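1. Below are the sequence and a predicted model for it; my questions follow.
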Amino acid sequence: MRISTLARFAFCLALTGVAAAPAGHADGSVAVVQPWARATPGMSQTGAVYLTLRSAHADRLVGAATPVAQSAELHEMEMAGMVMKMRPLAGVTIPAGRPVVFSPGGKHIMLMGLKAPLRPGETFPLTLTFAKAGQETVTVTVGKVGAMGPPAAQH
Amino acid sequence: MSTRSDASRHLTRRLFVAFLLAAVVFLGAGAFLVFELHEGSRGVARTWFGHEIGGPFHLVDQDGRTVTDGDLRGRWLLVYFGYTHCPDACPTALNNIALTLRDLAAPLRGEIRPVFITIDPVRDTPQVMKNYVASFDAPILALTGRAAEVAQTAKEYRVYYEKHPEPGGDYSLDHSSLIYVMDPQGRFAASLDSEDSPAHMAQRLKQLIG
């Protein structure tokens, strides 16, 4: 629900021209580096996507969607002492020229209501919505259950 | 007049000092507990608080069988509390446990039993738990049970957890993310950081058990 609201919000921003200069894909796009997901254990309907975002211009990730899940949400996990806390994020700011890393134990895109378990080696599309660069669809590769890094980086 | 206000000033000061002392003792005890929980290489079994972690429980495993704490005596336990809808921390912890056991040599590995206890018994039925732990490369005992019994077990292990609603009627749970090492007599021996490297965890277990 949140994502579609955000997506609509981003769309309205773009329509009203508040979202600064037109996206201009050549120089305004955000690079989405190595998007991957963990395979989901059992029949779990919850998954997590990790990736790195780079942009020459400051931008903001405001939403995500994928056909494999009912919803995709931006989340941040943090350890407060030894307590794991997970919080939804309304958006993630991407500073110009500085990578933003989503990785286990930190930020992730949480997939809720997966229609089928994610199995190692599979791929699926993920559409990210940026405040300025608009929408970009990338292919996510599924790694092992509990993997700490993208599939290619594993032995 | 002046004596009275002197007396009351005295009392205020004394109360203030008493409060400060109480605060120091309280913070000191907290710091001691946290330090011992995280840093003690030999565990906290012999410290003031060690005996307060763990206790009797009556739960149900992934095959629907009743399991009590007494049934698990005789082997070392790695106890982790989590839930299957947990997207990040729980798969990390259980996978780390599997990798840690893989790192240990056969006789030692056989002395250790990983136990995953849900804090979300409403969604985590024995069947859900069975499917979930089957995805990890370790013989994990998965425990769920009646809400009150699960809550009691979490309380005994000093596990903090709190429900947070998610958009769309779903919910997630904040929770303590420690792995408790219990000795073969069911006594708390040490805690491991669930995000620690499997190699380091294996090293700690060798120190504790070997």
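-> Happy to help now that I have it.
2. for chain B, what spans make up the helices?
-> Using DSSP state H, the helices of chain B run over B:2-39, B:89-103, B:106-110, B:126-133, B:147-156, B:198-209.
3. Residue B:86 versus the residue in chain B that chain A sits nearest to, what's the distance?
-> Closest contact between chain B and chain A, by Cβ to the nearest Cβ, is at residue B:95 (2.4 Å). All C-beta atoms are positioned from the backbone trio N, CA, C, and that covers glycine. Using Cβ to Cβ, to the nearest Å, residue B:95 is found at 12 Å from residue B:86.
4. same question, residue B:102
-> Distance of residue B:102 to residue B:86, computed by Cβ to Cβ: 22 Å.
5. Tell me which of the two has more neighbours.
-> Under the criterion of other Cβ atoms under 10 Å in any protein chain shown, the comparison of residue B:102 against residue B:86 puts residue B:86 first, with 25 against 12.
6. what sits against that one?
-> By Cβ atoms under 8 Å, 6 or more residues apart in numbering or on different chains, residue B:86 lies in contact with A:46, B:172, B:173.
7. Spatially nearest residue to residue A:74 (excluding sequence neighbours)?
-> Computed as Cβ to Cβ, 6 or more residues apart in numbering or on different chains, the closest residue to residue A:74 that is not its neighbour in sequence is residue A:89, at 4.2 Å.
8. Neighbours of the one you found, how many?
-> A count of nearby residues for residue A:89, using other Cβ under 10 Å, gives 15.
9. quick one: it from residue A:73, how far?
-> Counting by Cβ to Cβ, the gap from residue A:89 to residue A:73 is 8 Å.
10. low-confidence ranges in chain B?
-> Along chain B, the parts satisfying pLDDT under 70 run over B:1-7, B:24-51.
11. And chain A, by the same measure?
-> Low-confidence segments of chain A (pLDDT under 70): A:1-27, A:153-155.
12. What are the boundaries of the helices in it?
-> Under DSSP H, chain A gives helices at A:2-16, A:25-28.
13. Those residues of chain B touching chain A, which are they?
-> For chain B, the residues in contact with chain A (Cβ under 8 Å from any Cβ of the partner chain) are B:34, B:37-38, B:84-89, B:91-92, B:94-96, B:98, B:128, B:130-136, B:160, B:164, B:166-168, B:170, B:172, B:174-178, B:191, B:193, B:195.
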